[in-house]
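> Got a sequence here, can you model it:
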Amino acid sequence: MLEELHVRDLALIEDAWLEFGPGMTVLTGETGAGKTALLGALKLLMGERGDSGSVRSGAAEALVEGRFVAGGRDLLVRRRVGADGRSRCFLDGEMATVGALAEQVGPLVDLHGQHEHQALLTAATHVGYLDRRAGTDAAAALEEYGEARTEFRAAVRERDTLEARRAETLRDTDYLRFVADEIDRADPKAGEDELLEARLPPLQHAERLEGAASEAAALLRGDGGAMDRAAEAAAALSKVSGIDTRLDALAQRAAEVSAVLDDLGGELRSYRDSVEHDPSALEEVLRRLGELSGLARKYGPRLDDVLRRRDEARQALADSEEGAEAAELAEARVTVARSELERAAEVLTAVRVKAAPEFIEALTESVRDLAMEGARFEVSFAELPFEDWTADGAERVEFLYAPAPDQPARPLAKIASGGEISRVMLALKGVLGDADSVETLVFDEVDAGIGGATARTIGARLAHVARTHQVIVVTHLAQVAAFADAHLVVSKSVDERTAATTVVPVTGEERVAEVARMLSGNGSDASSAHAREVLEDAARTH
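Got it, this is the predicted structure:
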């Protein structure tokens, strides 16, 4: 709900503060007084583009501020439009964009009379009006449809992800199989390269190793070798055994050295005999190392990397096979989800088709006494291709309007005047009542081209709608103004240099005087008496 509006240096308005309450507020005044500027100020807060031409002559910028109550909290909106064309927007003190105003403030107000702000002219909004009239049945069906649509879209995303992953794997299948087969043919073992590299030097230097071992064994165990000398030394020391313990210890060590040399000589002879003189074995080791080195260059750099690459290739191939099964399951889930979505869409469509005749009948009945006798409405259901289904359902719902019985029904935006649109919206809001979600309604041209009894009916209808909405009406008709809960008069004063617009609330005799002016253009006793009658009649009806 709009609670306050501050306008400064916009068009003819120098500085105006307006307070709004619940119920119905009317703005009246002479033509050209500045009522349109006040609506323009509201449009700026709703996200309309600013125009430097709207800045009051001589001012650096125009300022519009508004305070709305939405969702139980205050929303403060400020808009500055400079004479240089620059525009700045603020939401709750923070800088914002024009788009943010349109998104957050625009939905709070239905402004009727200027086409750019008429939700009724946007066909996409019509299905919402029909659903609100249909009530809980439509709400439940729409919720079920929404859940089914969410499930279907999730199933499609899962299927598409799996298919994309599988397609990528399939593109690499031949290569993966080649990698795995090539490594499997070589059949490398973990650590095999290290074992082969350790075996290679003995094979390459077998003669040298055998010769060195043979020579060393001869020097140890041959005639006059180190072993014999050590044995002789131990025997010499044993001749004086028991005389000196220190020498006995050295004799013991000499005996141990002789034994060690004997063992070492034996091991050298065994090593000499074990040296492998096998050119074919050398050739096989060199071949195998070359094979493993080739794999390492392609898939390494280490043999462990080669083995991991083979395992990964095999796993990817296995995943590809499993992916085919997963893709089939995902496609089956899409099929089931689509079936559920189509069923939910059929239920939702059936609810709407059933509700449409009663809705149209109520709307037609509601406009008959609003200077629209003979007008006819229809609801068009256009089935959409499945891929074009929206969050609102499987069809495009649009209200069609025929101003007379002999004319075809066509879209409202193409044939209805501003005054007709305002009156259709007034009738629609009355039909919807509390089910309508927009709290603030602004009517500008609702009384265009009417008068007399019809004007009174429109005033009464506006007052009725104001029981469930905040209603702001710009009117030239006293019969409409008389039904207001609050009355603001917009006037223009002109001096030698400037013209300025002021806005003041009127009550009591001041309101009687304004209604009298609207009735006859003067404040005569007769006009004042008539004004009182109109106000009293509205009060009784209200």
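> Quick check: which element contains Gly242?
Counting by DSSP states H and E, no helix or strand carries Gly242.
> Next, find the distance separating it from Ala255.
Here the criterion is C-beta to C-beta, to the nearest Å. By it, Gly242 lies 15 Å from Ala255. Yep, even glycine has a C-beta here, placed from its N, CA and C like the rest.
> Comparing those two, which shows the higher neighbour count?
The neighbour count for Gly242 versus Ala255, taken as other C-beta atoms under 10 Å, is higher for Ala255 (17 against 8).
> Dihedrals phi and psi, Pro385?
phi -60, psi 150 (degrees, to the nearest 10).
> quick check: longest helix of this structure.
Longest helix in the chain, counting residues (DSSP state H): helix 303-367.
> low-scoring pLDDT stretches of the stretch 1-150 of the chain, where are they?
For the stretch 1-150 of the chain, applying pLDDT under 70 flags the ranges 33, 113-119.
> In terms of helix, strand or coil, where does Leu76 fall?
Following DSSP: H, G, I helix; E, B strand; the rest coil, Leu76 is assigned to strand.
> What is the burial count for it?
If you count neighbours by other C-beta under 10 Å, Leu76 ends up with 14.
> Surely it is in contact with Leu91?
Yes. With contacts counted by C-beta atoms under 8 Å, Leu76 reaches Leu91, the gap being 7.4 Å.
> what's the helix or strand bottoming out on mean pLDDT in the chain packed up against?
In the chain, no helix or strand scores lower on mean pLDDT, DSSP states H and E than helix 412-415, which sits at a mean of 75. Helix 412-415 sits against strand 395-402, with contacts defined as 3 or more C-beta pairs under 8 Å, 6 or more residues apart in numbering; DSSP states H and E.
> Can I get the strand it packs on in PDB? Just the C-alpha atoms.
C-alpha atoms of strand 395-402 as PDB (Å, rounded to 0.1, in the frame of the first residue of the first chain):
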ATOM      1  CA  GLU A 395      -2.200 -23.200 -22.900                       C
ATOM      2  CA  ARG A 396      -2.200 -19.400 -23.600                       C
ATOM      3  CA  VAL A 397      -5.200 -17.900 -21.900                       C
ATOM      4  CA  GLU A 398      -6.400 -14.500 -23.200                       C
ATOM      5  CA  PHE A 399      -9.400 -12.400 -22.600                       C
ATOM      6  CA  LEU A 400     -11.200 -11.200 -25.700                       C
ATOM      7  CA  TYR A 401     -13.500  -8.200 -25.900                       C
ATOM      8  CA  ALA A 402     -16.300  -7.100 -28.200                       C
END
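> List the buried residues of the least confident helix or strand of the chain.
Leu412 (16 or more other C-beta atoms under 10 Å).
> What average pLDDT does the helix or strand that that helix is followed by get?
With elements assigned by DSSP H and E, the helix or strand that comes after helix 412-415 is helix 418-432. What helix 418-432 shows for mean pLDDT is 77.
> Tell me the first helix or strand C-terminal of helix 418-432.
Elements were assigned by DSSP H and E; along the chain past helix 418-432, the next helix or strand is strand 440-443.
> Would you mind pulling up the elements that that following strand packs against?
Going by 3+ C-beta pairs under 8 Å, 6+ apart, strand 440-443 lies up against strand 109-112, helix 418-432, strand 470-474.
> change it to 10 Å
Contact partners of strand 440-443 among helices and strands, from 3 or more C-beta pairs under 10 Å, 6 or more residues apart in numbering; DSSP states H and E: strand 2-10, strand 24-28, helix 35-45, strand 61-70, strand 109-112, helix 418-432, helix 452-465, strand 470-474.
> Among the ones you listed, single out whichever gets nearest to Asp181.
Nearest to Asp181, of all the helices and strands packed on strand 440-443, is strand 61-70, at 68.2 Å by C-beta to C-beta.
> who are the neighbours of the closest one, in terms of helices and strands?
Where contact means 3+ C-beta pairs under 10 Å, 6+ apart, strand 61-70 is packed against strand 2-10, strand 13-19, helix 35-45, strand 73-82, strand 87-91, strand 440-443.
> could you give the angle of the longest helix of the chain to helix 418-432?
With axes from the mean of the first three to the mean of the last three C-alpha atoms, to 10 degrees defining the directions, helix 303-367 sits at 100 degrees from helix 418-432.
> can you tell me the average pLDDT over helix 303-367?
The average pLDDT within helix 303-367 is 89.
> mind listing what the very next helix or strand once past that helix pairs with, with the direction of each?
Beyond helix 303-367 on the C-terminal side, the first helix or strand identified by DSSP H and E is strand 376-383. Paired strands of strand 376-383, with direction, are strand 395-402 (antiparallel) (DSSP bridges).
> Just give me how far the strand it pairs with sits from the chain centre.
Taking C-alpha atoms, centre = their mean, to the nearest Å, one finds the center of strand 395-402 at 30 Å from the center of the full chain.
> How about stretch 140-148?
20 Å.
> For His469, find the nearest of the helices and strands packed on strand 61-70.
Nearest of the helices and strands packed on strand 61-70 (C-beta to C-beta): strand 440-443, 5.1 Å.
> okay, Glu439: pLDDT?
For Glu439, pLDDT reads 85.
> Quick check: it vs Glu232, distance?
For Glu439, the distance to Glu232 - C-beta to C-beta - is 123 Å.
> And the two? Which one has more around it.
Glu439 (17 against 13).
> And for the more buried one, nearest residue in space, chain neighbours not counted?
Of all residues not flanking Glu439 in the chain, Met1 sits nearest, at 5.2 Å (C-beta to C-beta, 6 or more residues apart in numbering).
> burial of the one you found, as a residue count?
The tally of other residues near Met1 (other C-beta under 10 Å) stands at 15.
> so who does Asp388 touch?
Residues near Asp388 by C-beta atoms under 10 Å, 6 or more residues apart in numbering: Ala394, Arg396.
> separation between it and Leu348?
Going from Asp388 to Leu348 by C-beta to C-beta gives 15 Å.
> From the chain's centroid, how far away is the least confident helix or strand of the chain?
With C-alpha atoms, centre = their mean, you get 33 Å for helix 412-415.
> Kindly reformat the helices and strands packed on strand 61-70 as CSV containing distance to His464.
CSV is the format used below for the helices and strands packed on strand 61-70 (distance: least, C-beta to C-beta, whole Å):
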stretch, distance to His464
strand 2-10, 20
strand 13-19, 23
helix 35-45, 23
strand 73-82, 27
strand 87-91, 33
strand 440-443, 12
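> Highest mean neighbour count out of the ones you listed?
strand 440-443 (a mean of 25; mean count of other C-beta atoms under 10 Å).
> Starting from it, tell me which strands it pairs with and how they run.
Strand 440-443 sits in its sheet next to strand 109-112 (parallel), strand 470-474 (parallel), going by DSSP bridges.
> Pick the most deeply packed of these.
Burial of the strands paired with strand 440-443 is given as mean neighbour count (mean count of other C-beta under 10 Å); strand 470-474 ranks first at a mean of 26.
> pLDDT on that one, on average?
93.
> Let me know the secondary structure of Asp447.
The assignment at Asp447 comes out as coil when based on three-state DSSP.
> Just give the number of residues close to it.
Counted by other C-beta under 10 Å, the residues lying close to Asp447 total 26.
> again with the one 3 residues further on
With neighbours defined by other C-beta under 10 Å, the count for Ile450 comes to 20.
> Could I get the contacting residues of the closest residue to it other than its chain neighbours?
Nearest residue to Ile450, sequence neighbours excluded (C-beta to C-beta, 6+ apart): Ala371, at 4.4 Å. Ala371 is in contact with 419-420, 423, 447-455, 457-458, counting by C-beta under 10 Å, 6+ apart.
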